[in-house]
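Novice: Next one to model:
(one chain, ligands or ions: 1)
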Amino acid sequence: MPELPEIQTIVDSIRPLLVGKRIDHILFLLKETSMHGRLSHFARHQKIIDVYRRGKYIVMQLERGHIGIHLRMTGKFISSYNAITEPTHIRARIHLEDGCILYFQDRRKFGKFYWIPDREKFFENIGFEPLSDEFTKEKFISKIRSKSRQIKSLLIDQSIVSGLGNIYVDEALFRAKIHPSSQSSSVPEKQLNLLFKSIRQVLKEGIALKGLTIKGYEYGPGDSGYFQSRLQVYSKKGEDCLECSTKIEKIKVYNKNTHFCPKCQILFTN
Ligand SMILES: [Zn+2]
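Specialist: Okay, here's the model as predicted:
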């Protein structure tokens with residue numbers, strides 16, 4: 001599933017195609033892709049004011065209301081400028097008045113379009129944007145310490161920090177030397193400082209390298225990211241840790257495959 005850097009890369013690639021254009025209509029070829037029966041009706045002939053990312057959502061700001069798109073496993077956009085014939089597995093088509101069509105391709109069919117009349121309400125349970133100025137070390141540390149949960153599950157549930165998923169969390173925890181099963185309230189401040197920095201660092205590197213290419217992610221046709229070259233633990237089970245040569249282990253945390261170094265990463269519990 002794409003995470004913040006992959007979604008940001010997709011937003012950066014589709015924004016120039018959309019901003020300032022007017023939607024002619026949106027057609028859903030798979031009914032379940034639209035979470036609101038009247039989304040097409042609401043969006044018709046509206047101008048697209050902006051396209052940006054909030055957490056793992058792509059948000060299209062229209063003159064009245066917003067469309068939120070969650071790509072889930074395999075959702076991606078392909079513009080008609082890059083497709084001679086209609087691509088396969090198309091679940092929705094955004095027809096613009098200038099003739100461009102943005103295809104929403106989604107092989108696994110989990111991607112969703114949401115109609116958002118009230119942005120504040122829709123995103124009320126989504127945590128800090130980790131690369132924004134409102135995400136400060138002090139706020140992050142106090143939120144993490146106020147909960148008593150496994151640190152990894154807390155970081156991926158979007159309630160404190162938004163946009164993080166399985167892969168970038170494993171990498172950030174490795175860099176901060178924290179075992180993914182550690183109790184959030186027991187992790188010392190020194191380690192949390194390091195975690196705060198690591199989260200921002202892995203995400204910035206991910207964006208700079210245009211995301212991570214595994215399981216078919218592309219931000220444009222044939223355009224892939226390169227963050228996989230920076231992975232230190234994710235998908236490295238049985239390989240030597242780059243820091244200490246101990247074998248990287250894989251466990252389940254929060255029902256997610258979790259990779260860590262049993263020597264470098266300290267387990268903090270009550
Ligand atoms: Zn190690």
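Novice: strands paired with the helix or strand of the chain with the lowest mean pLDDT, and their directions?
Specialist: Least confident element among the helices and strands of the chain, by mean pLDDT, DSSP states H and E: strand 75-79 (a mean of 92). Strand 75-79 sits in its sheet next to strand 101-106 (antiparallel), going by DSSP bridges.
Novice: Which helix or strand lies directly C-terminal to the strand it pairs with?
Specialist: Remark: after strand 101-106, the chain's next helix or strand is strand 112-116, criterion DSSP states H and E.
Novice: re the thing from before, could I get the buried residue list for the following helix or strand past the least confident helix or strand of the chain?
Specialist: Per DSSP H and E, the first helix or strand lying C-terminal to strand 75-79 is strand 90-96. Judged by neighbour count (16 or more other Cβ atoms under 10 Å), strand 90-96 contains these buried residues: 90-94, 96. Placement of C-beta: from N, CA and C, glycine included.
Novice: Over to stretch 35-47?
Specialist: Residues of stretch 35-47 classed as buried: 39-40, 43, 46 (neighbour count, 16+ other Cβ under 10 Å).
Novice: want to try TSV for these, with pLDDT, distance to residue 169 and secondary structure as columns?
Specialist: Below are the buried residues of stretch 35-47 laid out as TSV (pLDDT from 0 to 100; distance: Cβ to Cβ, whole Å; DSSP: H, G, I helix; E, B strand; the rest coil):
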residue	pLDDT	distance to residue 169	secondary structure
39	96	32	helix
40	96	36	helix
43	97	34	helix
46	98	36	coil
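Novice: sorry, back to before: and the least confident helix or strand of the chain with strand 112-116, angle?
Specialist: 80 degrees (axes from the mean of the first three to the mean of the last three Cα atoms, to 10 degrees).
Novice: So the closest residue to residue 207 other than its chain neighbours: helix, strand or coil?
Specialist: Ranked by Cβ to Cβ, 6 or more residues apart in numbering and with sequence neighbours excluded, the top spatial neighbour of residue 207 is residue 5, at 4.6 Å. Secondary structure of residue 5, reduced to three states by DSSP: H, G, I helix; E, B strand; the rest coil: helix.
Novice: is it true that residue 5 touches residue 199?
Specialist: No - in this structure, residue 5 is not within contact of residue 199 by Cβ atoms under 8 Å, at 11.7 Å.
Novice: who touches both of those two?
Specialist: Residues touching both residue 5 and residue 199 (Cβ atoms under 8 Å, 6 or more residues apart in numbering): residue 168.
Novice: What's the per-residue pLDDT of residue 86 here?
Specialist: Residue 86 carries a pLDDT value of 86.
Novice: I should have written residue 257 there, sorry.
Specialist: Predicted confidence (pLDDT) for residue 257: 94.
Novice: one step back: turn the buried residues of stretch 35-47 into a markdown table, including distance to the ion.
Specialist: Compiled in a markdown table, the buried residues of stretch 35-47 are given as follows (distance: Cβ to the ion, whole Å):
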| residue | distance to the ion |
| --- | --- |
| 39 | 48 |
| 40 | 52 |
| 43 | 50 |
| 46 | 52 |
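Novice: and of the residues you listed, the nearest to residue 82?
Specialist: Sorting the buried residues of stretch 35-47 by distance to residue 82 puts residue 43 at the head of the list, at 22.5 Å, by Cβ to Cβ.
Novice: That closest one: what's it in contact with?
Specialist: Neighbour list for residue 43: 23, 25-26, 62, 67, 115 [criterion: Cβ under 8 Å, 6+ apart].
Novice: one more time with 10 Å
Specialist: Applying Cβ atoms under 10 Å, 6 or more residues apart in numbering to residue 43 gives the contacts 23-26, 60, 62, 64-67, 94, 113, 115.
Novice: Then residue 114?
Specialist: Per Cβ under 10 Å, 6+ apart, neighbours of residue 114: 34-36, 39, 57, 59, 66-70, 122.
Novice: Distance check, it against residue 66.
Specialist: According to Cβ to Cβ, to the nearest Å, residue 114 stands 9 Å off from residue 66.
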